[in-house]
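> structure, please.
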Amino acid sequence: MARHIIEEIFQRQSQWKRADLVAEVQRVHSERGGLAGQQNPFAVVKKALSNLQDDGLVEKHHYGHWKWISTPKESAGQDSTVDGPVESPDYDADNDAQVGEKVLGSGPESVYLYFNPNDRKLAELEGRSLWECKIGRSSMADSAVRIHSQGAKTALSHEPVVGLVIRTMDSSAL
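Residues are numbered from 1 along each chain as shown. Sure, this is the predicted structure:
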């Protein structure tokens, strides 16, 4: 929820002091009927900013200040413009199968599951149907970009396998 409010707020002003951003997120959330949660608002905004930074949408401009670096949205509620592969009107879901072994849903954001192929192979050899996986989410259409930006390619001995991609309009809601 905080992430989407922050994305909207950055469309009005491209640079924010974190404390001011926290106050504005709280104000907008309350204005929309949201209730105060049990988590520290500073921690919630810090996490949302970190996710936006990981997705290449914001950057720390200088201590305590954040700057929107993606192309601003035309109007609130639209998806961010991101350099690189994004879903477009001529999007071909059949070509997306190479991104994930199974792709469900539609939308510009995704929740994805990936794993080291060695873990699956070992599980199969041992007769197990379960193996270690990682789950993530991205506001970008291409989950592979997000996985590689986290260093998964260099951290694993083999290219990670994306086992499942769930396309959605709001990945944070899943």
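> and the residue nearest in space to the middle of the chain, bridged to which residues?
For the chain, the residue nearest the mean C-alpha position is S138 (2.4 Å; C-alpha atoms, centre = their mean). When assigned by DSSP bridges, S138 has beta-bridge partners S110.
> is it true that it touches G107?
No - using C-beta atoms under 8 Å as the test, S138 is too far from G107 to be in contact (11.3 Å). Using the backbone N, CA and C atoms, a C-beta is placed for each residue, glycine as well.
> can you give me the helices in this structure?
Ranges of helices in the chain, per DSSP state H, are 2-12, 18-31, 41-54, 117-125, 143-149, 152-155.
> out of those helices, flag the one nearest H62.
Nearest of those to H62, taken as C-beta to C-beta: helix 18-31 at 11.2 Å.
> what's the closest one packed up against?
Applying 3 or more C-beta pairs under 8 Å, 6 or more residues apart in numbering; DSSP states H and E, one finds that helix 18-31 makes contact with helix 2-12, helix 41-54, strand 65-68.
> residues contacting it, please?
With contact meaning C-beta atoms under 8 Å, 6 or more residues apart in numbering, helix 18-31 is reached by 1-2, 5-6, 8-9, 16, 36, 41-42, 44-46, 49, 64-66.
> try 6 Å this time
2, 5, 9, 41-42, 45, 64 (C-beta atoms under 6 Å, 6 or more residues apart in numbering).
> got the domain ranges for the protein?
If you go by automatic domain parsing, the domain ranges for the chain are 2-68, 93-173.
> contacts for stretch 120-140?
With C-beta under 6 Å, 6+ apart as the criterion, stretch 120-140 contacts 55, 82, 109-115, 119, 146, 171.
> now for those residues, which pair is the farthest apart?
Going by C-beta to C-beta, the pair spanning these furthest: V82 and D119, at 30.3 Å.
> neighbour-wise, which of these two wins?
It is V82, of V82 and D119, that has more neighbours when counted by other C-beta atoms under 10 Å, with 19 against 16.
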